[in-house]
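S.K.: I would like the atomic coordinates for the input below:
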Amino acid sequence: MKKLLTLIAIAFLLTGCSQREDYYVFSFDDFTIAPGYDDAEYLRLTFDLKLPEKLQAQAKLEDIEVYFWDNYFASVDLENDSRKEINIDKAKVSRLIFYLSNYPASVYKLGDIELKSSVRENCEIFKGEYVERNGYACAFGQKVGDKENIVILYGDIFNVDQDKLDHIEIYVE
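M.R.: Numbering: from 1, shown residues only. Presented below is the predicted three-dimensional model:
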C-alpha cells in the first residue's frame, strides 16, 4: 500500500511541474527566452546583463536592459518568489519586452509559430483580443500552473502603418 501511495505521489508531482514548453517561448535567430521558466543564468550565457550578486526574498528587479554585442534590444524583469535570499542567477525572468527594430532577425517565433509583420494577422492566428486605441495591440494568454502567461503584441505608433509589429511583451503574474 505504501508503494502504491508513493507512486501516486510521484506521478502527481511529475505532472504538476511546469515544463518550458508550457510557457510562451519567444525565438529569434538561434536564441529562445521563456519568461516564467528561464532564469538569469540562462540569459547571462548569451546576453550582457548588469546584475547584483544576490536578490532578496520576494524581491523583483524591473526594467533590466539586455544587450547583445553592445546593442540594446530588450528589457527583462527578474523575480525571486522564494522566502530567502538567492543568487541572482536563480532569479526567474518574469517579464520580457523585446524591441524588434533593435534586433533585426530574419524570423521571430512564438512557440513554433512564425510571427507576421502585422499585429492584426498575429492576433487572428493566436485568437487574441485586438485593441485599437492610440495604436494597435493584441493580447492573449494561457494559464500555466497557478499563474497567467500573457503576451501583448504592439504596433508601431510612430509608423504610417501603425499595425506593423514593433515590440512584444511576455510576462507571468
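
S.K.: what stretches of the protein score poorly on pLDDT?
M.R.: In the predicted model, the chain carries pLDDT under 70 at residues 1-16.

S.K.: who's in contact with the spatially most central residue of it?
M.R.: Centroid-nearest residue in the chain, with CA atoms, centre = their mean: P35, separated by 3.0 Å. By CB atoms under 8 Å, 6 or more residues apart in numbering, the contact set of P35 is 23-24, 26, 76, 93-96, 149, 170-172. No exception for glycine: its C-beta is placed from N, CA and C like everyone else's.

S.K.: inside strands: which ones of those residues?
M.R.: Mapping the contacts of P35 onto strands (DSSP state E) picks out 26, 76, 93-96, 149, 170-172.

S.K.: widest-spaced pair of those residues?
M.R.: Farthest pair in the ones in strands among the contacts of P35 (CB to CB) is V76 and N149. Separation: 15.0 Å.

S.K.: neighbour-wise, which of those two wins?
M.R.: Using other CB atoms under 10 Å as the criterion, V76 and N149 rank with V76 on top: 26 against 22.

S.K.: and the more buried one, what does it touch?
M.R.: Contacts of V76 by CB under 8 Å, 6+ apart are 35, 43, 49, 64, 66, 93, 95-97.

S.K.: related to what we said a few turns ago, nearest to P104, of the ones in strands among the contacts of P35?
M.R.: Once CB to CB is applied, the member of those that ends up nearest P104 is F26, at 15.5 Å.
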